[in-house]
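[1] give me a model of this one.
(2 chains)
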There are 2 protein chains.
Amino acid sequence: MIIDIHGHYTTAPEALATWRNRQVAAIGNAAEAPKVSDLKISDDELRETIERNQLRVMRERGIDLTVFSPRASFMAHHIGDFNVSSTWAAICNDLCYRVGQLFPEHFVPAAMLPQSPGVDPATCIPELVRSIEQLGNVAINLNPDPSGGHWTSPPLSDRIWYPIYEKMVEYDVPAMVHVSTSCNDCFHTTGAHYLNADTTAFMQLLTADLFKDFPTLRFVIPHGGGAVPYHWGRFRGLAQELRKPVIEEHLLNNVFFDTCVYHQPGIDLLTRVIPVGNILFASEMIGAVRGIDPRTGHYFDDTKRYIDAADMEPATRHQVYEGNARRVYPRLDAQLKARGL
Amino acid sequence: MIIDIHGHYTTAPEALATWRNRQVAAIGNAAEAPKVSDLKISDDELRETIERNQLRVMRERGIDLTVFSPRASFMAHHIGDFNVSSTWAAICNDLCYRVGQLFPEHFVPAAMLPQSPGVDPATCIPELVRSIEQLGNVAINLNPDPSGGHWTSPPLSDRIWYPIYEKMVEYDVPAMVHVSTSCNDCFHTTGAHYLNADTTAFMQLLTADLFKDFPTLRFVIPHGGGAVPYHWGRFRGLAQELRKPVIEEHLLNNVFFDTCVYHQPGIDLLTRVIPVGNILFASEMIGAVRGIDPRTGHYFDDTKRYIDAADMEPATRHQVYEGNARRVYPRLDAQLKARGL
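    Next up, the predicted model:
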């Protein structure tokens, strides 16, 4: 089985964006705010957006199942207050849940949280609990910078995040560390902010001792870990300077990297440097880079081709495609086992 | 000849830090401010800090010459106002100039600028001109984020930077895009902020058309280009989505990467992905990562070992070690030629 642990609902029906635009326009003017019940999207509409897009491409590429969360750039936690984010997160999580119900063999939901800049992350707990207990989510996306590029929250090692970690440990769900749209002109969202956040989060974890407090807490760093594997020697050297244990002991029981790296040399570096148990297959398709590479004739984000071409044993490739995902996402594993898989 | 284009005076005599501490302590209280003439560092002191440190290591590793600029993390443009930065930049540039005078075969200076957050970059012109005309600097360091991790300046493509670019073109000097200390708790200075800035700057250039206005302007992105070469497919794909020319045409006549990547697989990726004409040897020694890699028994930052072990022809290696530096830094080339080299 091939599991893609990083997919977003980037192709939701237009009605979702229309509703969101109304919500945003009504900020500060509650009487104008749309009701949740104003958003009407039928199962047929959901089915169509998935069958024409993600599921079509999954079939073309041979991907069996995607861990599917709300569109990352649309989380936009910097917009409005907690109530705005809370309503929006619930709507988006409900849609991914419904996609999972419509295509139970192919999509399993992961939740966005109703984060809001300057608001205690503990306020996210009710939606986190609902997404797991009622919607069957197997993971969450955690935004280390709800300000959208101004980086006003404390590092991920700060105790302010602990209520979320306690719930993650209780439910045994991992978090993908994933920012949203940049509203800072310095940072292009998918070309800079996403990669910077990956690198930043890893270094926040490296300088801290968070996993002493939470030995079973697990983070997935997307986009191949940002700059981290390419600079693995730098990070190993910094860990040594900071008198931390070697990174493998210090972080790699708890931190994992996906394979959203869109060319063969990048995947080759990733699989050469990072222990195989820490690499989880993903493509973030249909996402930031949708075009065909004229040099190969294949889609940039067809990461399965790169993994298939990488120098690894079949058993190793199986770990990357399935084994690691089932270990890092135990609730996914449980759902698959319940279906006899 | 082996030229290291990225060295900082990280080992300056303690008197420099003492003077700086007095300057910082006196901010808002001009009567307490130290005079420039209070800083007394003899040639012997300079000689000793260099001979014991950078020059010793250069000799051990076989590096002939270093482009030498003030300590990056000490630029700290976020501290004080323009006058504080201006005095500090002049002092630091004078010291690097003196090191070059003491060791003309081994050190050639590059200048820091007196940047200050929210202050027009054009205010840096007098020090830029002085550093080139009077001190013989062959390059400048340009900080895209003088706020120190709050990213409050416009992108490098903004016209606010144009006065600096006009002088760079006039004098035919490149700029290394190099941030300083992070004062944002989210970003570790050398483990996150530096790499993020490299990635951010590259993406700022990719989304713009700056080199249409300045066809001969040249930037060096340090630390191996941050996350860029590892995600080269992502950047190529984003350029395509943004309907820009292919990156090679769009940016690679003007943008170069150094080799400050502290392990063999990273250097192998860099030299596999980036055209050889865009790779300049550097080690940023003695810098962020000073330890010995227990897996190899050699210093993490001994990048010459990685280049020597990389799969490349001798002529290619010569480009990386010398040829590209002489092309990208014409004032360095002129100084070498004047010495018959």
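
[2] quick one: the strand or helix carrying A:L205 near chain B?
    Assigned by DSSP states H and E, A:L205 falls within helix A:194-207. Yes: counting by CB under 8 Å from any CB of the partner chain, chain B has neighbours in helix A:194-207: A:L195, A:N196, A:T199, A:T200, A:M203, A:Q204, A:L206, A:T207. Backbone N, C-alpha and C define where each C-beta goes, glycine included.

[3] from B:H188, how far out is the last one?
    Just to be clear, that refers to A:T207. For A:T207, the distance to B:H188 (CB to CB, to the nearest Å) stands at 6 Å.

[4] A:R56 in helix, strand or coil?
    helix (DSSP: H, G, I helix; E, B strand; the rest coil).

[5] burial measure for it, as a count.
    By other CB atoms under 10 Å in any protein chain shown, 12 other residues sit near A:R56.

[6] what pLDDT does it get?
    Per-residue confidence (pLDDT) for A:R56: 98.

[7] dump the helix or strand that contains A:D44 to CSV, restricted to CA.
    Here A:D44, judged by DSSP H and E, is contained in helix A:43-52. Output in CSV follows, covering the C-alpha atoms of helix A:43-52 (Å, rounded to 0.1, in the frame of the first residue of the first chain):
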residue,chain,number,x,y,z
ASP,A,43,-21.9,15.1,-1.7
ASP,A,44,-22.0,15.1,-5.5
GLU,A,45,-20.0,18.3,-5.6
LEU,A,46,-17.4,17.0,-3.1
ARG,A,47,-17.2,13.7,-5.1
GLU,A,48,-16.6,15.6,-8.3
THR,A,49,-13.8,17.8,-7.0
ILE,A,50,-12.0,14.8,-5.7
GLU,A,51,-12.6,12.4,-8.6
ARG,A,52,-11.5,14.9,-11.1
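
[8] pull out the buried positions in that helix.
    Buried positions in helix A:43-52, judged by neighbour count with 16 or more other CB atoms under 10 Å in any protein chain shown: A:L46, A:T49, A:I50.

[9] then stretch A:104-123?
    So stretch A:104-123, judged by 16+ other CB under 10 Å, has buried residues A:106-117, A:119, A:121, A:123.

[10] so which of those residues sit within helices?
    Using DSSP state H, no member of these falls in helices.

[11] what's the local residue count around the residue nearest to A:L251 when sequence neighbours are not counted?
    By the measure of CB to CB, 6 or more residues apart in numbering or on different chains, the closest residue to A:L251 outside its immediate chain neighbours is A:L205, 5.8 Å from it. As a burial measure, A:L205 scores 23 neighbours (other CB under 10 Å).

[12] and if you look at A:K167?
    Using other CB under 10 Å, A:K167 has 17 neighbouring residues.

[13] list the contacts for it?
    The contact partners of A:K167, by CB atoms under 8 Å, 6 or more residues apart in numbering or on different chains, come to A:I125, A:L128, A:V129.

[14] just the buried residues out of these, in ChimeraX syntax.
    Buried residues among the contacts of A:K167 (16+ other CB under 10 Å), as a ChimeraX selection:
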select /A:125,128
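
[15] for the helix ranked longest in chain A, what is the average pLDDT?
    Using DSSP H to define each element, chain A has its longest helix at helix A:82-102. Per-residue pLDDT over helix A:82-102 has a mean of 98.

[16] ok and that helix relative to helix A:43-52, angle-wise?
    For helix A:82-102 against helix A:43-52, the angle between stretch directions is 70 degrees (axes from the mean of the first three to the mean of the last three CA atoms, to 10 degrees).

[17] alpha carbons of helix A:82-102, as CSV, please.
    Output of helix A:82-102 as CSV, limited to C-alpha atoms (Å, rounded to 0.1, in the frame of the first residue of the first chain):
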residue,chain,number,x,y,z
PHE,A,82,-10.5,33.1,17.6
ASN,A,83,-14.2,32.9,16.8
VAL,A,84,-13.5,33.5,13.1
SER,A,85,-10.9,30.8,13.1
SER,A,86,-13.0,28.5,15.1
THR,A,87,-16.0,28.6,12.8
TRP,A,88,-13.7,28.3,9.7
ALA,A,89,-11.7,25.4,11.1
ALA,A,90,-14.9,23.4,11.9
ILE,A,91,-16.2,24.0,8.4
CYS,A,92,-13.0,22.9,6.8
ASN,A,93,-12.6,19.9,9.0
ASP,A,94,-16.1,18.8,8.3
LEU,A,95,-15.5,18.9,4.6
CYS,A,96,-12.4,16.7,4.8
TYR,A,97,-14.3,14.4,7.1
ARG,A,98,-17.0,14.1,4.4
VAL,A,99,-14.4,13.4,1.7
GLY,A,100,-13.1,10.6,3.9
GLN,A,101,-16.7,9.2,4.3
LEU,A,102,-17.3,9.4,0.5
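
[18] which strands and helices sit next to that helix?
    The contact analysis (3 or more CB pairs under 8 Å, 6 or more residues apart in numbering or on different chains; DSSP states H and E) places helix A:82-102 against strand A:3-9, helix A:14-25, helix A:43-52, strand A:65-70, helix A:72-75, strand A:107-109, helix A:125-133.

[19] how much space between the closest residue to A:S69 other than its chain neighbours and A:L332?
    Nearest non-adjacent residue to A:S69, counting by CB to CB, 6+ apart: A:A110, 4.0 Å away. Separation of A:A110 from A:L332 (CB to CB): 9 Å.

[20] residues shared between the contacts of these two?
    Common neighbours of A:A110 and A:L332 (CB under 8 Å, 6+ apart) are A:V67, A:V138, A:A139.

[21] what does the stretch 51-200 of chain A put close to chain B?
    Contact residues, the stretch 51-200 of chain A versus chain B (CB under 8 Å from any CB): A:144-145, A:149-151, A:153-155, A:184-188, A:190-192, A:195-196, A:199-200.

[22] go ahead and build a PyMOL selection from the buried members of these.
    To isolate the buried members of those in PyMOL, using 16+ other CB under 10 Å:
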select buried, chain A and resi 144+145+149+150+151+153+155+184+186+187+188+190+191+192+195+196+199+200
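
[23] ok, back up a step: any idea of the angle the longest helix of chain A forms with helix A:14-25?
    Using the same axes, to 10 degrees: helix A:82-102 against helix A:14-25 is 170 degrees.
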